[in-house]
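> predicted model follows, preceded by the sequence.
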Amino acid sequence: MGEIVHIGSLRFAHFPLFLAPMEGVTDPSFRALCKDFGADMVFTEFVSVEALVRKVPKSLRKITIYPNERPIGIQIFGAELNSMMEAVSIVEDMQPDVIDINYGCPVRKVVHKMCGAGILRDIPKMVELTRAVVRKATRPVTVKTRLGWDAHTIRIAEVVERLQDVGIQAITIHARTRAQMYKGQADWSWFEVIKANPRIHIPVIGNGDIDGPLKAAEYRRRYPVDGMMIGRAAIGRPWIFRQIRHYFQTGTMLPDPTVEERIPIIKRHLQHAVAWKGEKRGVLELRRHYANYFKGIPDFKPFRLQLLQATQSAEVESILDAIGRHYGDFIPNKKHKTLSEV
């Protein structure tokens, strides 16, 4: 497991940490924060190829990227060959660093269309679609998937080899089955099986259950992955990337920020959101993040209600300042439950 990782023309000089694509979370405002805190690469929210083909404005906005986000991947999902081909052309107009195909989303409204993790029930089709995307694309193609549909149909070692053979440049594996959804423990032992195959030469990125520096270091030591992708643990904790990198480099822990130290971070998130989405929508959409930024703070309900009722960014910033003054150097507990992932 070398320290230098290549994905197409991208070169990571150290063990890379990636921000996972998450619906309703990894918009440009959140991606910018995670980049500030050391994420080596970020991904957009996943976007339906059918919506791109129909020119749905919301979906087209999802694939908007900015120079300070690079390197960045645009993630797509779909199951119909012609739509996938047309969507590749649309996505490439945005000039992402990679095009990532989602074969891992477990939610019912996606899988019942044979999209996301649904395609794990038809590996030949998965290979066919991937081959077509690779041939159409001029940029590196990567894949994010799961171990299998359920515990009885895990074919991930075969899947990695077959997708590598049709030209993908890296694969990220959420080490759960679709049946598990986000429950139970991720089974990282499958990375040992995958990497034992001498034919595998593309980077294999581990995903699932990385919730802080100690686990990241333990899993890096135990399992032969070429990088890690962090999803739910980053929601409300974008500093997790800096903490993990610091621990890798020094073996010492950076403390979680105090409430007072979190205030300018949340303000930056708010400012990014307003700049991208406008005053009204930026303020509205940041509401979903407050519960995670302030998780574990006692007697927080009055402040929470004020934040949820505020409609202007200046008003939100004033409330945040009051929260910082009130709680000061208090550090919320470290049992961070995050937003439900879709």
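Sure thing, it's come through. Residues are numbered from 1 along each chain as shown.

> strands of the stretch 51-200 of the chain, start to end?
Per DSSP state E, counting those that start in this stretch, the stretch 51-200 of the chain carries strands over the ranges 72-77, 98-103, 141-146, 170-174.

> looking at those strands, spot the one closest to residue 57.
strand 72-77 (16.3 Å; C-beta to C-beta). Glycine gets a C-beta too; all of them are placed from N, C-alpha and C.

> who's in contact with residue 293?
236, 262, 265-266 (C-beta atoms under 8 Å, 6 or more residues apart in numbering).

> my bad, residue 42
Contacts of residue 42 (C-beta under 8 Å, 6+ apart): 18-19, 26, 31, 34-35, 69, 72-73.

> tell me which residues form a beta bridge with it?
Under DSSP bridges, the beta-bridge partners of residue 42 are residue 72.

> thinking again about what came up before, filter the contacts of residue 293 to the buried ones?
236, 262, 265-266 (16 or more other C-beta atoms under 10 Å).

> the contacts of residue 293 in helices, which ones?
262, 265-266 (DSSP state H).

> so what's residue 4 scoring on pLDDT?
Note on residue 4: pLDDT of 88.

> how about the closest residue to it other than its chain neighbours, phi and psi?
Nearest residue to residue 4, sequence neighbours excluded (C-beta to C-beta, 6 or more residues apart in numbering): residue 13, at 6.0 Å. Torsion angles at residue 13 (phi, psi; degrees, to the nearest 10) stand at phi -80, psi -10.

> touching, residue 13 and residue 3? I think so.
Yes. Contact criterion C-beta atoms under 8 Å: residue 13 and residue 3 qualify, at 7.3 Å.

> contact partners for residue 225?
Here residue 225 is in contact with 1, 188, 191, 195, 204-206, 219 (C-beta under 8 Å, 6+ apart).

> distance between the ends of stretch 114-124?
13 Å (C-alpha to C-alpha, to the nearest Å).

> and the residue nearest to residue 105 when sequence neighbours are not counted, what does it touch?
Nearest residue to residue 105 in three dimensions, chain neighbours excluded: residue 116, at 3.2 Å (C-beta to C-beta, 6+ apart). Residue 116 makes contact with 77, 102-107, 110, according to C-beta under 8 Å, 6+ apart.

> check the gap between residue 86 and residue 159 for me.
25 Å (C-beta to C-beta, to the nearest Å).

> looking at the two, which is more packed in?
More crowded of residue 86 and residue 159, by other C-beta atoms under 10 Å: residue 159, with 24 against 17.

> how about that one: what's its closest non-neighbour residue?
Nearest to residue 159 is residue 123, by C-beta to C-beta, 6+ apart, at 6.3 Å.

> show me what stretch 192-201 is in contact with.
Taking C-beta under 8 Å, 6+ apart as the rule, stretch 192-201 contacts 1, 156-157, 160-161, 164, 173, 204, 223-225.

> re the thing from before, tell me how far the residue nearest to residue 159 lies from residue 197.
16 Å.

> of those two, which one has the most company?
residue 123 (17 against 13).

> who's in contact with that one?
155, 158-159, 162.

> counting neighbours, which of the residues you listed comes out on top?
residue 159 (24 neighbours).
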